[in-house]
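Student: Let's see this in three dimensions:
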Amino acid sequence: MTVRTAPTHELGAARLRAVRELLDAAFEGDFGDDDWDHTLGGVHAWVEDEHGIAAHGAVVMRRALHRGRSHRVGYVEGVAVRAGLRRRGLGGAVMAELERVIDGAYVFGALGATDDGAALYRARGWHVWEGRLEALGPEGLVHLSEEEGFVLLRPAAGRELPDPAAPLVFDWRDGDVM
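Tutor: Alright, predicted model coming up:
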């Protein structure tokens, strides 16, 4: 199993279509155009086999304010493994590459986890953010109470996680903010 990595612009149209098809299938129709947009523009990690894309994930840069400081955050998006290949280590292999990118380029990593994915991330050392979540939206600060308990963080190598006593304020984006 070889995990490949490349920025979005190097994937090419055919591979990007294949990744989108994997994500559409893996999320059973609950992966929209905004979700796809969130997956683009960063670094992708994927595994291919004779049938195409077997596993994929991406890390994109986001900004998060915490205690008056803006942090560069590696936000994980579009993690999926093709049905029939799950629980074989492909997701962990993809995450290992994404975590390597986070360690080299960001202060910490963050992601919004589904119930199915949370166990994988926790087993890899990701922690549920216990503090308040907000976003800086077009109308000002928005409390993201429905996202609390579903966002996980991981410090980059040699760094510490933010203090949950103060809110973590993410940049705004269309669709699901987290």
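Student: Pull out the buried positions in the helix or strand hosting Leu98.
Tutor: Assigned by DSSP states H and E, Leu98 falls within helix 90-105. Across helix 90-105, burial judged by 16 or more other C-beta atoms under 10 Å covers 90-91, 93-95, 97-103. (Glycine included, C-beta is placed from N, CA and C.)
Student: Okay, now the sheet partners of the helix or strand following that helix, with direction.
Tutor: Using DSSP H and E, the helix or strand that follows helix 90-105 in sequence is strand 108-112. Using DSSP bridges, strand 108-112 pairs in its sheet with strand 69-81 (parallel), strand 151-155 (antiparallel).
Student: Ends of stretch 25-32, what's the gap?
Tutor: Using C-alpha to C-alpha, to the nearest Å, one end of stretch 25-32 lies 11 Å from the other.
Student: Give me the contacts around that stretch.
Tutor: 23-24, 35, 80-83, 175 (C-beta atoms under 8 Å, 6 or more residues apart in numbering).
Student: can the strands paired with strand 108-112 go into a markdown table with extra columns for mean neighbour count and mean pLDDT?
Tutor: Output for the strands paired with strand 108-112, formatted as a markdown table (neighbours: other C-beta atoms under 10 Å; pLDDT from 0 to 100):
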| stretch | mean neighbour count | mean pLDDT |
| --- | --- | --- |
| strand 69-81 | 21 | 97 |
| strand 151-155 | 21 | 97 |
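Student: May I see these organised as a markdown table, with distance to Val3 added?
Tutor: Formatted as a markdown table, those follow (distance: least, C-beta to C-beta, whole Å):
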| stretch | distance to Val3 |
| --- | --- |
| strand 69-81 | 12 |
| strand 151-155 | 18 |
